[in-house]
Every structure is written in structure tokens, then in C-alpha cells.
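**Student:** attaching a predicted model along with its sequence, questions to come.
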Amino acid sequence: MNVILVKLPLFVLFLAMSGCSTVQSGTGGDWIGYSESGLASFYADKHQNKKTANGELYKHALKTAAHRRLPFGSNVKVTNINNGKSVVVKVNDRGPFVKGRIIDLSKSAFSIIGNPSSGLINVKIEVIR
């Protein structure tokens, strides 16, 4: 009896905390309109077919991205500040973990808005529907 009385409050606390997440999967509804400017990079070839943070396999050909906080499934318009070109990507990974970078793009997404030989580009990102 005493074991149940001790464990029940812990179980209730765990259950309550499991519903308190600030980053949720889905389409990023509360984030729509969020924007940020900074540097974008792209995934190195060694990441091809490796698992992303949401469990999908990374593919250079898909229009995907890594962001530190945006919910998985968020659609993000990424615009190259220097040439005005843009691409829409889906967030399926976490990162980048290099100071000053705000988003990592798949190689195909990066290629649409910039030259991969440049390595980094100045971008503005905006969460869209």
C-alpha cells in the first residue's frame, strides 16, 4: 500500500510534464510568420541516407532543412538576401550547431538559391503555411 502511495504522485507528475513541450511536431501553426536572418549552410555529402532528428533519411534531392527550434514539419521559405531567390523547405532535423548559422539546407535546396561552392549564404527565413 505504501509503495502505491509514493509512486502515484510521481506518476501523476510525469504524466503532467509529458504534455508540456515547447517544440511540437506538425506544421508549426504558432510559428507562422516567424522570421530570422543569418547564414545558411548545406549538408555535407557524408549525411546522405543518414537519419535526421525526426527519423527520416536525409536525401540531397529533397527540399529539407535543419533548424534548432522550429517544429518538425514546419514549412520555411528561405530567401537568399543577395539575389532574391527563394525556396520552400520542410524542417526535419535539428541544427545547425555552428555559431552564426541559422539553418542547414539540403544540397538541392541550397543549389536553388545559391552556389554550393560558396559554402554559406546570407538568408532570411520565414515560417509559412
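**Tutor:** Looks like it came in fine. This is a predicted model, so every value here is computed, not measured. Residues are numbered from 1 along each chain as shown.

**Student:** so for the protein, the centremost residue is which one?
**Tutor:** Nearest residue to the geometric centre of the chain (CA atoms, centre = their mean): residue 67, 3.1 Å.

**Student:** enumerate every residue touching it.
**Tutor:** For residue 67, the contact set (CB atoms under 8 Å, 6 or more residues apart in numbering) comprises 74, 76, 91, 93, 94, 95, 102, 103, 125. C-betas here are computed from N, CA, C, even on glycine.

**Student:** strand partners of the helix or strand hosting the last one, parallel vs antiparallel please.
**Tutor:** Using DSSP states H and E, residue 125 sits in strand 121-128. Here the strand partners of strand 121-128, with direction, are listed using DSSP bridges: strand 35-42 (antiparallel), strand 75-80 (antiparallel).

**Student:** among those strands, which is nearest residue 110?
**Tutor:** Nearest to residue 110 among the strands paired with strand 121-128 is strand 35-42 (3.7 Å), distances taken as CB to CB.

**Student:** how about the closest one: buried residues?
**Tutor:** For strand 35-42, a neighbour-count test (16 or more other CB atoms under 10 Å) marks 39, 40, 41, 42 as buried.
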